[in-house]
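Participant: Compute the structure for the input listed below.
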Amino acid sequence: MTLIAIEEHWIAPGLTSALKALPRPDESLAFNEMGDHRHRLEDLGEERIAAMDAQGIDISVLALTPPGTQSLSAEQARHLSRAANDTAIAAVGKNPTRFRALSTLPMSSPGHVVDELVRAKGLGHVGTMVYGRSGDRFLDDPAYDEFFAAAAELGQPVFIHPQIPSDAVRDASYRGLGELTDLALATFGWGWHLDTATAALRLILRGTFDRRPALQIVLGHWGEMLLFWLDRADSLSRLAGLQRPVSDYIRTNFHITASGMLNPALLHHALSVTTVDRLIFSTDYPFQHPTQDGINSFLGHFTSDEDRQKFSSANAAALFGLEL
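Facilitator: The predicted structure is shown next:
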């Protein structure tokens, strides 16, 4: 059975240097330096493929680690997004049977986002990865309307990945527990996921999918908590003047990936909210390390070979236009 993992991270040293040089660098960059993460993230060749082989993964869809280029100035973001997309597609070219890539876009320069999306698709990128905020501009800001229109028209799925909350939100909700606990609470322990769920929910409430019904979004970590609150979120639909309940958009415009969280309880809940056709495998490499035995054990929780195949490869292939 083919296994495709769609959220497999890498870093570009030049981009890392630019991010660290900012007056207030993103503190979550520290996660890239833990253990052997940096070495694994920078490798786009034999060692990464060996890790894939050990896990039984046939194809990895490469994506930059957060925050991508979104915290950079417009000029830096344009230059480094372009460079990152060239690097990623070069790695795909060297191992075309093992890698695909999601593009990086200069979201801090809204007027240049569509051009780079079009260029990246032309290079061979199968989708794009963005974050819920660029500076103080939310992803649902009208400045990005043309981007979402282009993504829908080009058939480029948009993966909304977690990023650290803004300083204002961190000051209000994620401080005072100690430096390391503050950072963990604002990132992998809670803040990353709430921030991303809010970005996705705002897109729905803005009427994005009423205007662009073909647009497809990917959320990691089993839906970034949003799947667990749809009963309440549905009550927003009438107030926002939407054509359908919030949960309907989740079932028709969102794909959900595991991000290495191979917990059967999360799978069962996702299946109670959406369908198996909307669920996709990923490991969140190198931050999660599921073994091949662990992956196979998790796949055993699907009730049929057809559903198992959908989750492991068919859904990703259909969404990203991959030939198996």
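Participant: The strand or helix carrying Phe209: which residues count as buried?
Facilitator: Here Phe209 is covered by helix 208-211, with elements defined by DSSP states H and E. When neighbours are counted by 16 or more other CB atoms under 10 Å, the buried residues of helix 208-211 are found to be Thr208, Phe209. Glycine gets a C-beta too; all of them are placed from N, C-alpha and C.
Participant: Also stretch 7-18?
Facilitator: Under 16+ other CB under 10 Å, the buried positions of stretch 7-18 are Glu7, Glu8, His9, Trp10, Ile11, Ala12, Leu15, Thr16, Ala18.
Participant: For beta bridges, what are the partners of the fourth one?
Facilitator: Counting by DSSP bridges, Trp10 forms beta bridges with Leu64.
Participant: who are the neighbours in contact with it?
Facilitator: Applying CB atoms under 8 Å, 6 or more residues apart in numbering, one finds that Trp10 lies in contact with Leu41, Glu42, Leu44, Leu62, Ala63, Leu64, Thr65, Ala88, Ala91.
Participant: Please report how far it lies from Val92.
Facilitator: Separation of Trp10 from Val92 (CB to CB, to the nearest Å): 11 Å.
Participant: swap in the second one?
Facilitator: Noted for Glu8: a distance of 12 Å to Val92, by CB to CB.
Participant: joint contacts of those two?
Facilitator: Once CB under 8 Å, 6+ apart is applied, the residues that Glu8 and Val92 both contact turn out to be Leu62.
Participant: How many residues are close by the nearest residue in space to Arg206 that is not next to it in sequence?
Facilitator: In space, not counting the residues next to it along the chain, Arg206 is nearest to Asp140; the distance is 4.2 Å by CB to CB, 6 or more residues apart in numbering. If you count neighbours by other CB atoms under 10 Å, Asp140 ends up with 21.
Participant: I'd guessed Asp140 sits against Ala200; true?
Facilitator: No. Using CB atoms under 8 Å, Asp140 and Ala200 do not qualify as a contacting pair, with a distance of 9.3 Å.
Participant: quick revisit: for the contacts of Trp10, which one is nearest Ala151?
Facilitator: The shortest approach to Ala151 among the contacts of Trp10 belongs to Ala63, at 15.3 Å (CB to CB).
Participant: Now do the nearest residue to Ser109 once chain neighbours are set aside against Val130, distance only.
Facilitator: For Ser109, the nearest residue in space outside its immediate sequence neighbours is Ala74; the separation is 3.6 Å by CB to CB, 6+ apart. Separation of Ala74 from Val130 (CB to CB) stands at 15 Å.
Participant: Of those two, which one has the most company?
Facilitator: Applying other CB under 10 Å to Ala74 and Val130 shows that Val130 carries more neighbours, namely 25 against 17.
Participant: Who does the helix or strand hosting the more buried one pair with, and is each partner parallel or antiparallel?
Facilitator: Using DSSP H and E, Val130 maps to strand 127-131. Strand pairing for strand 127-131, using DSSP bridges, gives strand 99-104 (parallel), strand 158-161 (parallel).
Participant: Can I get the first one in PDB? Just the C-alpha atoms.
Facilitator: Taking Å, rounded to 0.1, in the frame of the first residue of the first chain, the C-alpha atoms of strand 99-104 are listed here in PDB:
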ATOM      1  CA  PHE A  99       9.300  14.100  -3.200                       C
ATOM      2  CA  ARG A 100       6.700  16.700  -4.000                       C
ATOM      3  CA  ALA A 101       6.600  20.300  -2.500                       C
ATOM      4  CA  LEU A 102       4.300  23.000  -1.200                       C
ATOM      5  CA  SER A 103       5.300  26.500  -2.200                       C
ATOM      6  CA  THR A 104       6.100  29.400   0.100                       C
END
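Participant: Next, the residues that contact it from outside, please.
Facilitator: For strand 99-104, using CB under 8 Å, 6+ apart, the contacting residues are 44, 59-64, 68-69, 80-81, 84-85, 88-89, 91-92, 116-117, 120-121, 124-129, 156, 159, 320, 322.
Participant: those strands in the chain, which residues are they?
Facilitator: 4-10, 59-64, 99-104, 127-131, 133-134, 137-138, 158-161, 217-219, 254-257, 279-280 (DSSP state E).
Participant: contacting residues around Ser247?
Facilitator: Neighbouring residues of Ser247 by CB under 8 Å, 6+ apart: Leu230, Ala233, Asp234, Val273.
Participant: distance of the residue of the chain positioned farthest from its centre from Arg170?
Facilitator: Going by CA atoms, centre = their mean, the residue of the chain most distant from its centre is Gly176, 29.2 Å out. For Gly176, the distance to Arg170 equals 11 Å [CB to CB].
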